[in-house]
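>>> can't give you the sequence, but here's the structure:
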């Protein structure tokens, strides 16, 4: 018998937690919500809150430590996604992009390039991530459903 996947959420700035809870409930999957501070979660035996404190990369380290092959990680952090792929997990960004061995290298390179560009612009030229759209949420839900189905098949 194979183990059912656990969905790990890098939760501090995750805009799709509600969507994850709905999909996980439909499949009867456990969700582990990892954050640096207390976050409201749904009551129930399938959702677990993990508070790691304020250490640099503490939430990321805990997610990697708890992630097993076949699990699913929800994160916008490309470096964390790469670490989780290395552990045999699937990784999905909140915009519905699934990270894979085929695209993680270019995603990391683009992240480094953008960091260099932002460093040259100065703080006045920095902007945060674009707001989530209905299309982003729909894309995320489709990707999560597809990945859950694939991981359940093993």
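Good, I have the coordinates. From a predicted model like this one, the values you see are computed outputs, not experimental measurements.
>>> ok, what's across the strand from the residue positioned nearest the centre of the chain?
The residue lying closest to the centre of the chain (Cα atoms, centre = their mean) is residue 74, at 1.7 Å. Using DSSP bridges, the bridge partners assigned to residue 74 are residue 9, residue 92.
>>> show me which helix or strand of the chain is least confident by mean pLDDT.
Of all helical and strand segments in the chain, the minimum by mean pLDDT, DSSP states H and E falls on helix 104-121, at a mean of 56.
>>> hey, where'd the strands end up in the protein?
Assignment of strands within the chain using DSSP state E yields the ranges 7-10, 31-35, 47-51, 72-74, 90-92, 98-99.
>>> need these in TSV with distance to residue 141 and mean pLDDT, can you?
C-betas here are computed from N, CA, C, even on glycine. As requested, the strands of the chain are exported to TSV (distance: least, Cβ to Cβ, whole Å; pLDDT from 0 to 100):
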stretch	distance to residue 141	mean pLDDT
strand 7-10	13	98
strand 31-35	15	97
strand 47-51	18	97
strand 72-74	12	98
strand 90-92	10	96
strand 98-99	13	93
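>>> what about the ones you listed, which gets the closest to residue 144?
strand 90-92 (6.0 Å; Cβ to Cβ).
>>> what's the closest one packed up against?
When contacts are defined as 3 or more Cβ pairs under 8 Å, 6 or more residues apart in numbering; DSSP states H and E, strand 90-92 packs onto strand 72-74, helix 78-86, strand 98-99, helix 134-153.
>>> in that strand, what's buried?
By 16 or more other Cβ atoms under 10 Å, the buried positions in strand 90-92 come out as 90, 91, 92.
>>> looking at it, residue 148 is touching residue 23, isn't it?
Yes: using Cβ atoms under 8 Å, residue 148 is in contact with residue 23, at 6.4 Å.
>>> find residues that contact each of the two.
residue 29 (Cβ atoms under 8 Å, 6 or more residues apart in numbering).
>>> any idea how far residue 130 is from residue 89?
26 Å (Cβ to Cβ, to the nearest Å).
>>> higher neighbour count, the two?
residue 89 (24 against 8; other Cβ atoms under 10 Å).
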